[in-house]
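Visitor: here is a sequence with its predicted model. Questions after.
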Amino acid sequence: MSTQEEEWRGVAAEDTENLTQKATLRLAKRSRALLRDLLRPHAGPAALALLLVVLENACSLAGPLLVAAAIDNGIPAAVDGDAGLLAWCVGGYLAAGTASAGLRFAFLRLSGRVGQDLLLDLRQRIFRHAQRLSLSFHERYTSGKVISRLTSDVDSLDDLLENGVDGLLSSALSVSGIAVLMLVLDLPLGLFVLAGFIPLLLVTRWFFRNSTAAYRGTRGAIAKIIVQFVETMNGMRAVQAFRRESRNESIMGGLNDGFRSANKRALDVVAVFTSTVRLVGNLSLAAVLLIGAWRVVGGGLELGVLTAFLLYLRRFYDPLDDLAMFANSYSSATAALEKISGVLEEEPDVREPAAPVALPPSERGRALAFERVEFRYSPTGPVVLPEFDLAVPAGQTVALVGPTGAGKSTLAKLVARFYDPTSGAVRLDGVALSDISDAELRRAVVMVTQENFLFAGSVADNIALGKPGASRAEVESAAGAVGAHEFISRLPDGYDTDVRKRGGRLSAGQRQMVAFARAFLADPSVLVLDEATSSLDIPTERAVQGALESVLADRTALIIAHRLSTVLIADRVLVIDDGRVVEDGSPAELIAESGRFAALHTRWRDSLV
Ligand SMILES: Nc1ncnc2c1ncn2[C@@H]1O[C@H](COP(=O)(O)OP(=O)(O)OP(=O)(O)O)[C@@H](O)[C@H]1O
């Protein structure tokens, strides 16, 4: 792939207003490929729906022909006493009308089913893919954007499938069918009407060009609104604590205004198009009426033929309105597909190995090693770890301390393989993390983060996340081992208490205990712990400390320690600064020296008095 194409890969072009022609073509090709891919499993029913709509149009087109036959031949024959032909014409009209309604019903049901199946598949694909993508992607691409792909973009596609495609098929079929019939009915009048198509083609071209750009704008604008909305709702505590409401309101006002302008622009384009179509339609109807009437008076045209012609002509221009509606939803859906296909084109940076290497059996933790690890968060970003080497024997508890921004959390995230090193390797019992299957790695390494993320559900469900399928007895024994059983039992419904969104019902200390119980149940050989900075009260801190010691027993552990009590239970302390180890030793050894840790320790001790 050329570097220029690489530039537009994935979501790269999403916020670019003016794309080069090459990029536009590439994105359109990608959107079409996605649509084809989505349609493939439904090819049979889609073809049947197409057949139904063709038959339906044929039935409804027969109507005016039967009216013409009734007026020109049936009625004169009935006047002469033979009502047979008229009866055939009326009967035929009724049959065609009924068949057309029946076929329409069948078509709408079938196309609706195909459309909804396709959208279901698309929604699941986006969700599955978004979950697979690495953290680095989600840091760049906010959750609001993913939500807007899943909601408003999928909705535009829904609109296209529900109304647009039906409108397009019906109108294209009836416009071409009517054109043929008009030429057959009366060649000169038919040619005259078709000549009116030339300005229409020009205005249609103008419309497609402008509406695609306009709808790209609306997709971008709605995505920004959703992003802002999600961010505000997620950060509601901070919003209220810092009185950001009015500032947020003005940001949202600006974004809403942008969306309104983008929609206005799109609607203006539609307005010009539909009214031009209407104007051309009405002008040609008046002209046909004039020329036709003149020819009927002169005896050159039968009245029935003129009536049928005018009936067709009305139907000829009406579908063009539908075509405009189609173009409308088409442009909107194209812009949406462009963005959805971008997300689906993104590849996870951290990939599962094609041929995973199994970890050797382990009894008591696993040896962890960083070998010449260099790391930066993005290819152009600063180097966070210049060249990091570290060997942690199996079963050792290592506390990482150091100033903010030193790189402690980065080390933890590398061990959990949220990212891969830019160069070098992180190894478990000698096997590079990038060679271990996802399932095995998740079993071997568990990270308990500062967020202590709890999902909506019961306390028991949240603990059981550590070991899917764990029995209630196992959950309770894990809670007991970390000392959480007592407080859980006191909750209104014990283990079945709903923790509410993000564990909002529990205190910070309680959330941490639940997170420890989860980790204990998972029973990993390596535990990575980004310790909570929140200050807990003394009894809770003691309880958490006790829980921590039970969780750490018999495993290799890397702890980002903020509390002295935690540092002191570690076998080894590493002082990190600027991505490097500046001190390394047991707590007692480092305290005895007069380095940074000793100074930190003195400050801590003083602060406790
Ligand atoms: N997701 C990220 N994208 C880009 N840079 C990052 C990201 N996370 C951290 N950094 C940068 O990497 C460096 C190390 O950050 P890290 O979070 O590892 O520090 P830390 O020692 O854990 O700090 P703290 O004690 O404040 O949590 C910092 O300069 C930070 O700005």
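Guide: Right, received. Where do you want to start?

Visitor: the nearest residue to Gln396 once chain neighbours are set aside and the ligand: what is the separation?
Guide: In space, Gln396 comes closest to Asp571 once its chain neighbours are excluded; the distance is 5.0 Å by C-beta to C-beta, 6 or more residues apart in numbering. Using the backbone N, CA and C atoms, a C-beta is placed for each residue, glycine as well. In this view, Asp571 and the ligand are 21 Å apart by C-beta to the nearest ligand atom, to the nearest Å.

Visitor: just Val482 next, same as before
Guide: According to C-beta to the nearest ligand atom, Val482 stands 24 Å off from the ligand.

Visitor: might one say that that residue is in contact with Ser550?
Guide: Yes. With contact defined as C-beta atoms under 8 Å, Val482 reaches Ser550; the gap is 5.3 Å.

Visitor: if you count what's nearby, which of these two comes out ahead?
Guide: For Val482 and Ser550, the more surrounded residue by other C-beta atoms under 10 Å is Val482, and the numbers stand at 26 against 15.

Visitor: OK, contacts around the residue nearest to Gln396?
Guide: 396-398, 586 (C-beta atoms under 8 Å, 6 or more residues apart in numbering).

Visitor: just among these, which is most surrounded?
Guide: For the contacts of Asp571, neighbours were counted using other C-beta under 10 Å, and Thr397 has the most, 24 neighbours in all.

Visitor: and the pLDDT for that residue?
Guide: pLDDT for Thr397: 90.

Visitor: same check, this time on Val582
Guide: The model's pLDDT for Val582 equals 90.

Visitor: pretty sure it is in a strand, no?
Guide: Yes. Assessed with DSSP: H, G, I helix; E, B strand; the rest coil, Val582 lies in a strand.

Visitor: residues contacting it?
Guide: By C-beta under 8 Å, 6+ apart, the contact list for Val582 reads 402, 575-576, 595-596.

Visitor: again, only using 6 Å
Guide: Contacts of Val582 were listed using C-beta atoms under 6 Å, 6 or more residues apart in numbering, and they are Val575.

Visitor: thinking again about what came up before, looking at the contacts of Asp571, which is nearest the ligand?
Guide: Within the contacts of Asp571, the smallest distance to the ligand is 14.4 Å, found for Val398 (C-beta to the nearest ligand atom).

Visitor: name the helix or strand for the closest one, please.
Guide: Counting by DSSP states H and E, the element that carries Val398 is strand 397-401.

Visitor: can I get the CA coordinates of that strand in CSV?
Guide: Only the C-alpha atoms of strand 397-401 are listed here, as CSV (Å, rounded to 0.1, in the frame of the first residue of the first chain):
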residue,chain,number,x,y,z
THR,A,397,6.6,-8.7,45.1
VAL,A,398,8.1,-5.5,43.5
ALA,A,399,6.9,-2.1,44.5
LEU,A,400,7.4,0.7,42.0
VAL,A,401,7.7,4.2,43.4
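
Visitor: what's next to that strand, contact-wise?
Guide: With C-beta under 6 Å, 6+ apart as the criterion, strand 397-401 contacts 392, 408, 552, 557-561, 567, 570-576.

Visitor: centre of the chain to stretch 57-67, how far?
Guide: Centre-to-centre, stretch 57-67 and its host chain are 45 Å apart (C-alpha atoms, centre = their mean, to the nearest Å).

Visitor: returning to what we had before: closest to the ligand out of the contacts of strand 397-401?
Guide: The ligand lies nearest to Lys408 out of the contacts of strand 397-401, by C-beta to the nearest ligand atom, at 3.6 Å.

Visitor: does that closest one touch Ile560 like I think?
Guide: Yes. With contact defined as C-beta atoms under 6 Å, Lys408 and Ile560 form a contacting pair (4.6 Å).

Visitor: on that earlier part again, right, and the helix or strand after the strand holding Val398?
Guide: Where DSSP H and E defines the elements, the next helix or strand beyond strand 397-401 is helix 408-415.

Visitor: avg pLDDT for the helix or strand following that following helix?
Guide: Using DSSP H and E, the next helix or strand after helix 408-415 towards the C-terminus is strand 423-428. Mean per-residue pLDDT for strand 423-428: 92.

Visitor: at the contact with the ligand, which residues of the stretch 401-550 of the chain appear?
Guide: Listed as neighbours of the ligand in the stretch 401-550 of the chain under the rule C-beta under 6 Å from any ligand atom: 402, 404-410.

Visitor: what subset of these is buried?
Guide: Neighbour-count burial (16 or more other C-beta atoms under 10 Å) applied to those gives 402, 406-410.

Visitor: skip ahead from the top helix by length along the chain and say which helix or strand is next.
Guide: Taking DSSP state H as the criterion, the chain has its longest helix at helix 245-297. Moving toward the C-terminus from helix 245-297, the next helix or strand (DSSP H and E) is helix 303-345.

Visitor: having no further points to raise, I will conclude here.
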